[in-house]
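> quick one: sequence plus predicted model below, questions after.
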Amino acid sequence: MSQPDLLKQPFELGFTYTRSTGPVVGRFLTGLRNREIIGNRASDGRVIVPPMEYDPVTADALDEFVPVSDEGVIVSWAWVSEPREAHPMEKPFAWAMIRLKGADVPMIHCVAAPEESAVSTGARVKARWVDEPRGYITDIACFELMGDAS
Amino acid sequence: MSDEQDVITDIETPIYLKYNFTAGLAPSRFLTQLKNGKLTGQRRAEPDAPVYVPPRGSCPASGMPTDEEVEVSDKATVQSFTIVHIPIPNNPIQPPFVVANLVADGANISFIHLMSECVNEEVRIGQRVQAVWKPEEEWDYAMDNIRYFKPIDEPDVAVDMIGKLPVTGLEE
Amino acid sequence: MREICVVAYSQSDCKSNAGMANEVELIMPQLQAVYKQVGITSAQDVDFVCSGSCDYLQGAAFAFVAGVDALGAVPPIKESHVEMDAAWALYESVLKIRMGQADSALIYGFAKSSPGELPIVLSQQLDPYYLATQWVDTISLAAMQARLMLEQGLITEGDMAAVVADSRRKALQNPQAQLSGETSTEALLNEPHYVSPLRRSDCCPVSDGAAAMIICTVDKAKEWGVPYARITGIDHRIETHNLGMRDLTDSVSTRQAAARAGVADGPVDVAEVYAPFSHQQIILQRALDLGDDTDINPSGGVLAGNLMMASGVSRIGEVFRRIVAGEAGRGVAHATSGPCLQHNMVTVLEGA
């Protein structure tokens, strides 16, 4: 058997998908374009943000939309000290579960913070919007801590 | 109504993922030999076992490893072909061009390669061809060390003999 | 109902980088090993074949089809595939045998995760509108889950480190393990955080490799004349993809699957649980209601080496191995899929 050379080749795999949103996700994303956050009400009355098409327990279609605040509190978080290339931030940041004012179910987004010790569960945060929202979850550039560091 | 007020119905969600591909042991052996200008098939270590070009590590018919290497010829037979009328992105080859399933003499399955220096309309199953190699200094770990295959002046191979020629081809 | 049992299992070493071996080359030795255990020569000698793998891990489209080249599928065989851990390939095979369409099945799972950036590749299995577009990695999701438990007083970082130390120590007895050694809770707690509150040691390593298994009816096992462990219960349950709507401090779906599989119907001598993160082993111990009488993850578990798409079926194999060796009479194997233990399978195995 011949002795082969170890052959390696970096490559990038690309999937240039366009996704249909459907009416529920579409309504949420349309809201984001207007700097508004819209949730919807689950069968048990809880407000879910971002909205879901069907209730995970009852499988009912969910169509009662509820506007919520772009401010909320951190429910849990992870500190990313070494952001990955794909991550939305280049400097260390936190991923967080954030319960927005008016919502019951937390959503996942990133939180900008100068250092890990600045972040805590229960801390209040507010969405920082990109300059030109286009209807993507990333129209919220990140959440920022609301100056209760004092 | 302006676009601003339209309800969003679809979004672009491109996904790009980076990998570092490794070729596998059997393909690496094949490609390393190819860099030396040799087409080397593999078979499980039995004299009559089928020879695979290019090899992937197993004999798919038996599930056994292809431990044995067999040098095959750069002469081949057309097993099937198609005439392509659309360009290949980022490739200088101009349509119409011929892509063929070719079985090298000494191998038992076909690989895909280009045919050129041929009259497209005269390409046929059973036709004999030979590799046209790039200059040796350009050889790399790649099938395109062979630019293309061109017809040679040998009699056609009967359909039931395609994929069964020894490495010596039609010679006795 | 036809009684079904496990008769053969083999797993490759867990390697951080399998280097030159491609998928076929990873699979073939494991298939040869399980054929040998039951005295057959190829996939032609079983009635059904089912595999588990995910092409995205190595970024090779149709790698799962290339894997079939390891089987010797001439003449054609009955073959299927799940884009999941091979534990679910086993589940499909169990159904096939129960329905009487097969008496025996070969199952294999494989992954070469090292060519890609696994936590980022796995981000693309999340909600495609709300999460995948943010590229939330799986380690960060597990870290948020761990923090919920820590801050609710359900675990301590010391508990997590103890799970890791136990895994490393037990893995010393496992020649296929990637990470093993004597370490202490104190030493682990002295390591810096990685994705806080997780340390690197709380996270399973990225591994390349494959595993294979043969299951069959008890009648077939007797015909082959090989030792076996009966599958006396099997069930799997999934939770919502909305992480905010789940109780991440518990595994409701594992509890449901365990109840349906009958985990509590007898003593559990040994359990192998698929916990890619240390705190998840504690969640699973509680959800499966495992006490001090149960030897948990004697192989070291996946903290010692995690073959994506194979570790689930390997958990079943590790329990099988201990039952036929006479080290245990009854055991439980758990497999998981998705972020933060979203989807869980529980299998109960018992001696002949």
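Yep, it's here.

> switch to C-alpha atoms for all contacts and neighbour counts from now on
Will do.

> touching, C:Val74 and B:Cys59? I think so.
No - judged on CA atoms under 8 Å, C:Val74 makes no contact with B:Cys59 at a distance of 10.3 Å.

> okay, those two: which has more neighbours?
Using other CA atoms under 10 Å in any protein chain shown, the more surrounded residue of C:Val74 and B:Cys59 is B:Cys59, with 24 against 12.

> next one: that one from B:Glu71, what distance?
Relative to B:Glu71, B:Cys59 is positioned 17 Å away (CA to CA, to the nearest Å).

> sec struct for A:Asn40, please.
Under DSSP: H, G, I helix; E, B strand; the rest coil, the three-state class of A:Asn40 is strand.

> pretty sure it is touching A:Val68, no?
No - with contact defined as CA under 8 Å, A:Asn40 does not count as touching A:Val68 (9.4 Å).

> out of these two, which sits in the busier spot?
A:Asn40 (24 against 19).

> what about the nearest residue to that one once chain neighbours are set aside, how many residues close to it?
In space, A:Asn40 comes closest to A:Phe65 once its chain neighbours are excluded; the distance is 4.2 Å by CA to CA, 6 or more residues apart in numbering or on different chains. A:Phe65 has 18 neighbours, counted by other CA under 10 Å.

> quick check: the gap between A:Phe65 and chain C.
17 Å (CA to the nearest CA, to the nearest Å).

> list the contacts of that residue.
A:Ile38, A:Gly39, A:Asn40, A:Arg41 (CA atoms under 8 Å, 6 or more residues apart in numbering or on different chains).

> now do the strands in the stretch 101-250 of chain C.
C:104-112, C:193-196, C:198-199, C:208-217, C:229-238 (DSSP state E, counting those that start in this stretch).

> swap in chain B?
B:10-22, B:39-43, B:58-59, B:64-65, B:68-72, B:75-84, B:97-104, B:111-115, B:128-133, B:146-151 (DSSP state E).

> does the fifth one reach chain A?
Yes - Strand B:68-72 lies within reach of chain A by CA under 8 Å from any CA of the partner chain, at B:Glu68, B:Glu69.

> hmm, that strand touching chain C?
No - with CA under 8 Å from any CA as the criterion, chain C is not reached by strand B:68-72; the gap is at least 14.8 Å.

> rewinding a little: relative to A:Ile137, how far out is the residue nearest to A:Asn40?
A:Phe65 is 17 Å from A:Ile137, by CA to CA.

> next one: B:Ser62
Applying CA to CA to B:Ser62 and A:Ile137 gives a distance of 51 Å.

> likewise for C:Gln134?
8 Å.

> C:Gln30 should be in a helix, yeah?
Yes - counting by three-state DSSP, C:Gln30 is part of a helix.

> need the contact list for residue 63.
Because you didn't say which chain, this covers chain A. A:Val24, A:Asn40, A:Arg41, A:Glu53.

> please go with chain C instead
C:Glu23, C:Asp55.

> near chain A, which residues of chain C are found?
Counting by CA under 8 Å from any CA, chain C sits next to chain A at C:19-20, C:59, C:120, C:129-131, C:133-136, C:140-141, C:143-145, C:147-148, C:194-197, C:240, C:244-245.

> for PyMOL, what selects the buried ones among those?
Selecting only the buried entries of the residues of chain C next to chain A in PyMOL, with 16 or more other CA atoms under 10 Å in any protein chain shown as the criterion:
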select buried, chain C and resi 19+20+59+120+129+130+131+133+134+135+136+140+141+143+144+145+147+148+194+195+196+197+244+245
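
> so which of the residues of chain C next to chain A also contact chain B?
C:Gly19, C:Met20, C:Gly59, C:Thr133.

> just for chain A, where's the confidence low?
A:1, A:148-150 (pLDDT under 70).

> now swap in chain B and tell me
B:1-5, B:172.

> which bits of it sit near chain A?
So chain B meets chain A at B:6-23, B:25, B:28-30, B:32-33, B:67-69 (CA under 8 Å from any CA).

> buried by neighbour count, from the residues you listed: which ones?
Judged by 16+ other CA under 10 Å, buried ones among the residues of chain B next to chain A: B:7-11, B:13, B:15, B:17-23, B:25, B:28-30, B:32-33, B:67-69.

> contact residues of chain A facing chain C?
Residues of chain A found near chain C (CA under 8 Å from any CA) are A:6-7, A:13, A:21, A:25, A:50, A:56, A:75-81, A:86-88, A:95-97, A:105-109, A:136-138.

> I'd like to know which of those residues are part of helices.
A:Val25 (DSSP state H).

> please pick the buried ones from the residues of chain A next to chain C.
Among those, the ones that count as buried (16+ other CA under 10 Å) are A:7, A:21, A:25, A:50, A:56, A:75-81, A:87-88, A:95-97, A:105-109, A:136-138.

> ok, back up a step: what does the residue nearest to A:Asn40 show for phi and psi?
phi -90, psi 150 (degrees, to the nearest 10).

> ok, now how distant is it from A:Arg27?
9 Å.

> shared neighbours of these two, anything?
A:Ile38.

> what residue lies at the spatial centre of chain C?
Nearest to the geometric centre of chain C sits C:Gly312, at 1.5 Å (CA atoms, centre = their mean).

> tell me the angle of the host helix or strand of it relative to strand C:208-217?
Assigned by DSSP states H and E, C:Gly312 belongs to helix C:311-324. Interaxial angle, helix C:311-324 versus strand C:208-217 (axes from the mean of the first three to the mean of the last three CA atoms, to 10 degrees): 50 degrees.

> how about the lowest-mean-pLDDT helix or strand in chain C: buried residues?
Within chain C, no helix or strand scores below helix C:63-67, which has a mean of 90 by mean pLDDT, DSSP states H and E. Of all the residues in helix C:63-67, those buried under the rule 16+ other CA under 10 Å are C:Ala63, C:Phe64, C:Ala66, C:Gly67.

> which element follows that helix toward the C-terminus?
By DSSP H and E, the next helix or strand past helix C:63-67 is strand C:79-82.

> any idea how far stretch B:68-84 is from the chain center?
Chain-centre distance of stretch B:68-84: 7 Å, with CA atoms, centre = their mean, to the nearest Å.

> okay, buried residues for it please.
Here stretch B:68-84 shows B:68-81 as buried, counting by 16+ other CA under 10 Å.
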